[in-house]
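Undergrad: kindly return the folded structure for what I paste below:
(one chain, ligands or ions: 1)
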Amino acid sequence: MSGWDHRFEAELLRLGVQPGRARQLTEETAQQAAESAAEPDGLFGPAHLYARHLVSELNTAALPLSGGEKGQVRLRLTGVGKRYRRRTVFTGVDLEVRSGEVAAIVGANGCGKSTLLRICAGLTRPSTGRIQRTRRVGFVPQDAGTAGWLTADEHFTLFGAAAGMAPRRSRSTGEHLAARLAWRPARRELTQHLSGGTRQKLNLVLGELHAPDLLLLDEPYQGFDQGTYLDFWKQVLTWRDAGRAVVVVTHLLHDLQNVDQVYDLGAVA
Ligand SMILES: Nc1ncnc2c1ncn2[C@@H]1O[C@H](COP(=O)(O)OP(=O)(O)OP(=O)(O)O)[C@@H](O)[C@H]1O
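TA: Presented below is the predicted three-dimensional model:
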């Protein structure tokens, strides 16, 4: 075994993977590198980081769910916790969100709402616990993940391509979804020239472009005017009626009348 393989296996063991399974994963990884005629370092990056990534993937079991049937579980967290170095942000989060349901995550500033949503999206690794979710996930981060030098149409094409959509379909879907938020993207306008609220509309459309089964929204209405805010909640209810599962981080108590369950993260720290 190479030095990389040794470090990889050692990190798997340190992360609690059973010895037989760790050996099997190490051999499979070495084989993949050999088949690609590449050094594992070049193909997978540093051994310890790849081991952590793999363990996180293994702990994130995909729920075998698709389609719009109501009532099926789209997201399940069991005993999920997060620590940053010595600081425990939260522990023991159990949450289940089903198709046709809207869940709100609430709690004081800094209690870990955005961290929890990133964990649900698979972008942050939990320190403890297990996550199961459907494969088709849309994530709308708090800070718009858009590029200032692209137009809205270019965003639609780019994000659509990542989901395997043809350019024309991406653009027409994006424009249709934008219209639901009372926005008609101008053909040549760069995103950097859009208002904050309009950029946030783009962010929301991009999260929904590929018709995900599960939508994860981190305070998605920042910068919206009153009319757009109401359009947004109308849209949430449309998603729910279409059998999607929605998780929304919110600070606004009056939002809670629209949701099926409220998870107070402040209460579990
Ligand atoms: N990458 C990181 N490294 C270290 N600490 C982090 C990291 N990301 C978040 N934190 C810390 O974790 C805690 C939770 O942060 P998070 O942004 O999830 O809280 P929040 O409830 O969403 O806050 P807010 O309501 O202000 O948006 C904070 O103390 C934050 O400083």
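
Undergrad: all contacts plus neighbour counts: C-alpha atoms, from now on.
TA: Noted.

Undergrad: quick one: low-confidence ranges for the chain?
TA: Within the chain, the segments meeting pLDDT under 70 span 35-36, 56-70, 144, 253, 267-269.

Undergrad: residue contacts, the residue nearest in space to the middle of it?
TA: Centroid-nearest residue in the chain, with C-alpha atoms, centre = their mean: Ala121, separated by 2.4 Å. Remark: with contacts taken as C-alpha atoms under 8 Å, 6 or more residues apart in numbering, Ala121 is in contact with Val137, Gly138, Phe139, Leu216.

Undergrad: pull the contacting residues for Trp74.
TA: Actually, residue 74 is Arg rather than Trp. If a contact means C-alpha under 8 Å, 6+ apart, then Arg74 has Leu63, Leu65, Glu96, Val97, Arg98, Ser99, Gln132, Arg133, Thr134, Asp213, Leu214, Ala245 as its contacts.

Undergrad: about what we covered before: among the contacts of Ala121, which lie within strands?
TA: Cross-referencing the contacts of Ala121 against strands under DSSP state E gives Val137, Gly138, Phe139, Leu216.

Undergrad: what's the closest of those residues to the ligand?
TA: Closest approach between the ones in strands among the contacts of Ala121 and the ligand, by C-alpha to the nearest ligand atom: Leu216, at 13.2 Å.

Undergrad: count of residues packed around that closest one?
TA: By other C-alpha atoms under 10 Å, 24 other residues sit near Leu216.

Undergrad: which residues does it form a beta bridge with?
TA: Note on Leu216: beta-bridge partners Phe139, Val247, judged by DSSP bridges.

Undergrad: looking at the stretch 151-269 of the chain, which residue is nearest the ligand?
TA: Scanning the stretch 151-269 of the chain for proximity to the ligand using C-alpha to the nearest ligand atom identifies His251 as nearest, at 7.5 Å.

Undergrad: what ranges do the strands span in the stretch 1-150 of the chain?
TA: When assigned using DSSP state E, counting those that start in this stretch, the strands of the stretch 1-150 of the chain occupy the ranges 60-62, 73-84, 87-98, 102-106, 128-133, 137-140.

Undergrad: who's the closest spatial neighbour of Gly174, skipping the chain neighbours?
TA: Across the structure, with C-alpha to C-alpha, 6 or more residues apart in numbering as the measure, the residue nearest Gly174 apart from its sequence neighbours is Phe156 (5.8 Å).
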